[in-house]
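>>> Generate coordinates for the sequence data below:
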Amino acid sequence: MSDFQRIDPSVASSLLQDGAALADIRDPQSYSQGHIPGAVRLDNDNLGQFVAAADKQTPLVVCCYHGNSSQPAAAYLASQGFTAVYSLDGGFELWRQQYPDQVSHD
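Residues are numbered from 1 along each chain as shown. Have a look, this model is predicted:
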């Protein structure tokens, strides 16, 4: 499977509550200023390690700023063997608006 689905924050929240993994592809500064709890920040440096170590049967939600960059990232991860990949529509910005109490800061 090399497809992914676009989902809104409410669907993503349900998936995360059910144990889905979450990848955040934003830059380190944005991630440290706020991210969805449990998110793993992915970049070119750790992507290969993440793909190699991941349970590809676990649903994976991919998050970016506004939901645009996460789509090609989700397609790539699906092409790497992840069986259920989702792109968060509206990205972290929409998540933060809908779930302001569900934002972590590092």
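
>>> any idea how far Ser70 lies from Asp101?
22 Å (Cβ to Cβ, to the nearest Å). Every residue, glycine included, has its C-beta placed from N, CA and C.

>>> what about these two, which has more around it?
Higher neighbour count among Ser70 and Asp101: Ser70, with 28 against 4, using other Cβ atoms under 10 Å.

>>> Next, Asp27: phi, psi?
The phi/psi pair for Asp27 (degrees, to the nearest 10) reads phi -70, psi 160.

>>> now do Gln5
Per degrees, to the nearest 10, the backbone of Gln5 is at phi -120, psi 140.

>>> pretty sure it contacts Ser87?
Yes - using Cβ atoms under 8 Å, Gln5 is in contact with Ser87, at 7.3 Å.

>>> Compare those two and say which is more crowded by neighbours.
Shown here are Gln5 and Ser87; by other Cβ under 10 Å, Ser87 has more neighbours (25 against 14).

>>> Might you report the residue contacts of that one?
Residues in contact with Ser87, defined by Cβ atoms under 8 Å, 6 or more residues apart in numbering, are 4-7, 61-62, 67, 70-71, 73-74.

>>> Right, I'll leave it there.
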